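**Q** Quick one: sequence plus predicted model below, questions after.
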Number of protein chains: 2
Amino acid sequence: MKKQQIITKEMLQPSQDDLKIVGVFNPAVIQKDDEIIMLVRVSEAAKNNTHNVFLVPVYKNETVSFVKINKNDSNYDFSDSRVIRNHSQNYLTSISHFRVARSKDGVHFQFDGTKIFPETEYETYGIEDPRITKIDDKYYITYSAISDYGINVSLIETNDFKTFTRKGIIFPFDNKDGVIFPKQINGKYYALHRPSKSDFAKLDIWLASSPDLLHWGDHQVLTKARPTYQNSTRIGAGAVPFLIKGLGWIVIYHAANETHEYHLLAMLLDEFDPSRVLKISSKPLLIASEPFELRGFFNHVIFTCGLTYLHDEVNIYYGAADESIGLAKLTIEQILANLESVK
Amino acid sequence: MKKQQIITKEMLQPSQDDLKIVGVFNPAVIQKDDEIIMLVRVSEAAKNNTHNVFLVPVYKNETVSFVKINKNDSNYDFSDSRVIRNHSQNYLTSISHFRVARSKDGVHFQFDGTKIFPETEYETYGIEDPRITKIDDKYYITYSAISDYGINVSLIETNDFKTFTRKGIIFPFDNKDGVIFPKQINGKYYALHRPSKSDFAKLDIWLASSPDLLHWGDHQVLTKARPTYQNSTRIGAGAVPFLIKGLGWIVIYHAANETHEYHLLAMLLDEFDPSRVLKISSKPLLIASEPFELRGFFNHVIFTCGLTYLHDEVNIYYGAADESIGLAKLTIEQILANLESVK
């Protein structure tokens, strides 16, 4: 298996003069006509943080402005590079939007200038981790919208990756890693999602179904976090599932342990009943090992939101260390060899 | 306004010899034929807790068994009478099921022997806080199902309050206070719900819509917690909304402050667009004041899951101190006088 870094933040300019790009990562990917289209998460932070003051970026009135937090205020916990925590309110240290990139060969990408910025009151802390599902001739983008109203999985529709229509929240807070299957199964749409905050639950992958992509129900646990893998305490769907006819749906998903090290795993779902897990990884499929995966904005992360599958070759695109984008080329055989049957 | 205690735990027998009833509260209420039907939450705890060992009740294989927790284990926090907390796992101190009671006059209720026990893997810590919505000739019971899979709002359907059909989870975890409107509005069903756990959000009342009562979408914040009321930090829908034609939907809801004191409030929603809050309480509508509301299993709680509305009289049934059931008789005029217009 071959891994390589294909996009870095140096390829882009920040969206405002007072912002700097801190990460270009977690891309959604889809084949459209003769191109691979990528929707990239671009995270930006204040350029002018000082020794004493942290500037939290917040989107409002079509621009990013800043909330000032005193770095010496002991009510705040700055130990996580992604989040500033206090007992009643958390802030993100950076704010994300999406940009469109295109490629003919799936390796070399050009940004075409199209951007999706936060827009609604549910997106004031940014939009993150898109996935693109093509159904008939439309493209559905699921993503996490973050604000003082929580982390909500939301939906955007597009035909052309030039104009985008928001379709609202489909999985209310806190929920992440919403991923829609690319076709109906027995007359219903299906999605994976990851309810993300509970007094009682572990963070597992859930399955839901829908008659129309907008209204979702029949929520059930699909796969539990399996602590046997590097003590992972939470999992979430990664790329959009793809179908191998006669075999089933392949889902590439992530797991993270208590110290927030992420790796990728796979599972095989029944072709006609995606609530049936037939096989699942017996060991990590992809782990952070290269320098650009081990060190970055947030260390030791491989996180996928998209892949392409053509001629038995699977190109997994992934965010590396929450900072750049990597590509891992695998064969279907390599993925299947990683799976063991579920009893 | 007249308040009275109408049901106490002494009226019932525990469901197992090794359990004791600790509360009979938070009842759903519906008019059916010439009766008022009540679905009561009955909470039970181990009868044989000792000085050193706390027995956590868990439903499994059609019976309640117990998880033993050492009371001297400093990893556990026993300060809340409802929940035992530790850093990785919480337990409920009691486990709840539902029982059916019936009344001709709305004040004197007889239990008819019908019970709904936890049943699925999503209900191992119990089922709580039911609401009954009648639509056409069917009755839909929304409730919180609690387990190691979180607190999930789930749905049960019945025609007769003798046999009950589970319809699965409609609002995944952690979510509480799911309440369905009693008729379609502009061709869609509506519900209120309360996503309940977030790294970023406050606990507000949300609105959702559905084509079929099973699949829900178009999630949006309806009403925010208003700290002006006794410093309330969270709110949740209470009774099923009722319509006053030409005026709008009346929603009776609860608010709680940081020290978990609950009171009731009201709001008025647009008859044809329930996302529009027209009026809202300017002060608490009902607060704990009687001894049975101030002291009980959990002190200082008034919490409603059901009411009846007939001839301008509103009978609000409520759980008092998580232990007994009270009835408050109000007129529509009293409720309307409590509201102020929203700008």
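**A** Here it is on my side, so go on.

**Q** Show me which residues of the stretch 151-300 of chain A are close to chain B?
**A** A:151-152, A:168-175, A:193, A:195, A:197-202, A:204, A:206, A:208-212, A:214-221 (CB under 8 Å from any CB of the partner chain). Placement of C-beta: from N, CA and C, glycine included.

**Q** so what's residue A:116 up against?
**A** A:39, A:97-99, A:127, A:156, A:164 (CB atoms under 8 Å, 6 or more residues apart in numbering or on different chains).

**Q** now, the most widely separated pair of these?
**A** A:99 and A:156 (13.9 Å; CB to CB).

**Q** show me where chain A has helices.
**A** Secondary structure of chain A (DSSP state H): helices at A:291-294, A:332-337.

**Q** could I get these as CSV with mean pLDDT and mean neighbour count?
**A** Compiled in CSV, the helices of chain A are given as follows (pLDDT from 0 to 100; neighbours: other CB atoms under 10 Å in any protein chain shown):
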stretch, mean pLDDT, mean neighbour count
helix A:291-294, 96, 17
helix A:332-337, 96, 14
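
**Q** Nearest to residue B:292, out of these?
**A** Closest to residue B:292 of the helices of chain A is helix A:291-294 (CB to CB; 61.0 Å).

**Q** Other residues contacting the closest one?
**A** A:3, A:5, A:288, A:300-302, A:320-321, A:323-324, A:326.

**Q** try 10 Å this time
**A** For helix A:291-294, contacts defined as CB atoms under 10 Å, 6 or more residues apart in numbering or on different chains pick out A:3-5, A:8, A:261-263, A:286-288, A:299-302, A:318-321, A:323-326.

**Q** ok, back up a step: please produce a markdown table containing the contacts of residue A:116, extended by distance to residue A:277, neighbour count and pLDDT.
**A** Output for those, formatted as a markdown table (distance: CB to CB, whole Å; neighbours: other CB atoms under 10 Å in any protein chain shown; pLDDT from 0 to 100):
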| residue | distance to residue A:277 | neighbour count | pLDDT |
| --- | --- | --- | --- |
| A:39 | 28 | 27 | 98 |
| A:97 | 35 | 21 | 98 |
| A:98 | 31 | 26 | 98 |
| A:99 | 35 | 20 | 98 |
| A:127 | 30 | 26 | 98 |
| A:156 | 29 | 22 | 98 |
| A:164 | 33 | 19 | 98 |
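
**Q** Give me the subset of those lying in strands.
**A** If you go by DSSP state E, those have A:39, A:97-99, A:127, A:156 in strands.

**Q** May I see these arranged in CSV, with distance to residue A:135 as well?
**A** CSV is the format used below for the ones in strands among the contacts of residue A:116 (distance: CB to CB, whole Å):
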residue, distance to residue A:135
A:39, 16
A:97, 24
A:98, 20
A:99, 23
A:127, 21
A:156, 14
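
**Q** Check the spacing between the residue in the stretch 1-150 of chain A positioned nearest to chain B and residue B:220 real quick.
**A** Of the residues in the stretch 1-150 of chain A, the one nearest chain B is residue A:150, at a distance of 3.3 Å by CB to the nearest CB. Using CB to CB, to the nearest Å, residue A:150 is found at 12 Å from residue B:220.
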